[in-house]
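*Asks:* Sequence first, predicted model second:
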Protein chains: 2
Amino acid sequence: MEKQPYVCGLDAAVDVIDGKWKVLIIWALNHQRCRFGELKRLVPGVSEKVLTQQLRELEADGIVHRESYDVVPPKVEYSLTELGEELNTALRPLGAWGKGRMATLAETGRG
Amino acid sequence: MEKQPYVCGLDAAVDVIDGKWKVLIIWALNHQRCRFGELKRLVPGVSEKVLTQQLRELEADGIVHRESYDVVPPKVEYSLTELGEELNTALRPLGAWGKGRMATLAETGRG
DNA sequence: GTGCGTACTTACCTTGAGGTCAGTGGGGGC
DNA sequence: GCCCCCACTGACCTCAAGGTAAGTACGCAC
């Protein structure tokens, strides 16, 4: 969000998914809406601080929707917005490419 | 690279394009093969050190091809490999999404 | 012979993303 | 009564990516 004079659309997209865990968060959210704790479990390795932070950035970018229920104990649900779904769709070919690369890596690199 | 136990293909792909200038380098190389100096001009802001470094990583990942001519003054040409072209193709929907986002940003954010 | 240009390499420094850890408020289990 | 759990927040620290600047080898123009 700091870098408006983008060189190209790719640049703008990368800006949104830039962050160590964001694609994983988006990916996890694609399958279902999640509570904070669930997300933490689905994205192994994130600290709570960073999860919150990246979720906020994603929210600010209009990628995820945050629904807070005013109950005790606290309950918050995250889901992808329509924009987020579109991002996910745009991400799919890249995921497929990466999958192919993983396969190649498995064959040549370690197989 | 450093993170073989990928969560998903997306993860593997992001690993490859991770680096401040890599998508821009790939993008620039999509249009034509380039010499080091040209690339430096096409990707404004990169330092020589980092350009070299990211080019080497991209080369190690099989994305770009480096052709060195043993002449004086030195001449080196970079181009995308077939894998690189595939990556670029996979990147295209993301670029399109980003372009849409740029348009939205221009309308709502500053328009 | 001085300096420029090519394509780097190396040493050193800065910056900020991300990690760690402790704290918050209230209900429920023991 | 005490602690845990929920979903965070804030202070502090680390570390690696990236930036800066100088060096390298050689040919050419001047």
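*Replies:* Alright, I've got the coordinates. The model shown is predicted, which means the values in this text are computed figures rather than measured ones.

*Asks:* For stretch A:41-56, output the C-alpha coordinates as PDB.
*Replies:* What follows is stretch A:41-56 as a C-alpha-only set of coordinates in PDB (Å, rounded to 0.1, in the frame of the first residue of the first chain):
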ATOM      1  CA  ARG A  41      -3.700 -23.700  13.300                       C
ATOM      2  CA  LEU A  42      -4.100 -23.700   9.500                       C
ATOM      3  CA  VAL A  43      -1.000 -21.500   9.000                       C
ATOM      4  CA  PRO A  44       1.600 -23.300  11.100                       C
ATOM      5  CA  GLY A  45       4.400 -21.000  12.300                       C
ATOM      6  CA  VAL A  46       2.700 -17.700  12.400                       C
ATOM      7  CA  SER A  47       2.900 -15.700  15.600                       C
ATOM      8  CA  GLU A  48      -0.400 -14.200  16.800                       C
ATOM      9  CA  LYS A  49       1.000 -10.700  16.300                       C
ATOM     10  CA  VAL A  50       1.900 -11.200  12.700                       C
ATOM     11  CA  LEU A  51      -1.300 -13.100  11.900                       C
ATOM     12  CA  THR A  52      -3.300 -10.200  13.300                       C
ATOM     13  CA  GLN A  53      -1.200  -7.700  11.400                       C
ATOM     14  CA  GLN A  54      -1.400  -9.400   8.100                       C
ATOM     15  CA  LEU A  55      -5.100 -10.000   8.500                       C
ATOM     16  CA  ARG A  56      -5.500  -6.300   9.100                       C
END
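
*Asks:* Report pLDDT for the residue of chain A found nearest DNA strand D.
*Replies:* Distance from DNA strand D to each residue of chain A (CB to the nearest atom of the strand) is smallest for A:Gly37, at 3.0 Å. For glycine as for every other residue, the C-beta is placed from the backbone atoms N, C-alpha and C. A:Gly37 is assigned a predicted lDDT (pLDDT) of 92.

*Asks:* From chain B, how far off is it?
*Replies:* 18 Å (CB to the nearest CB, to the nearest Å).

*Asks:* confidence score at A:Ile17?
*Replies:* 95.

*Asks:* model confidence over the helix or strand hosting A:Glu86, on average?
*Replies:* Following DSSP states H and E, one finds A:Glu86 within helix A:82-104. Helix A:82-104 shows an average pLDDT of 96 in the prediction.

*Asks:* Need the residues that contact that helix.
*Replies:* Contacting residues not belonging to helix A:82-104 are listed as A:13, A:16-17, A:23, A:26-27, A:29-30, A:58, A:62-65, A:80, B:6, B:8-16, B:83, B:86-87, B:89-94, B:96-97, B:100-101 [CB atoms under 8 Å, 6 or more residues apart in numbering or on different chains].
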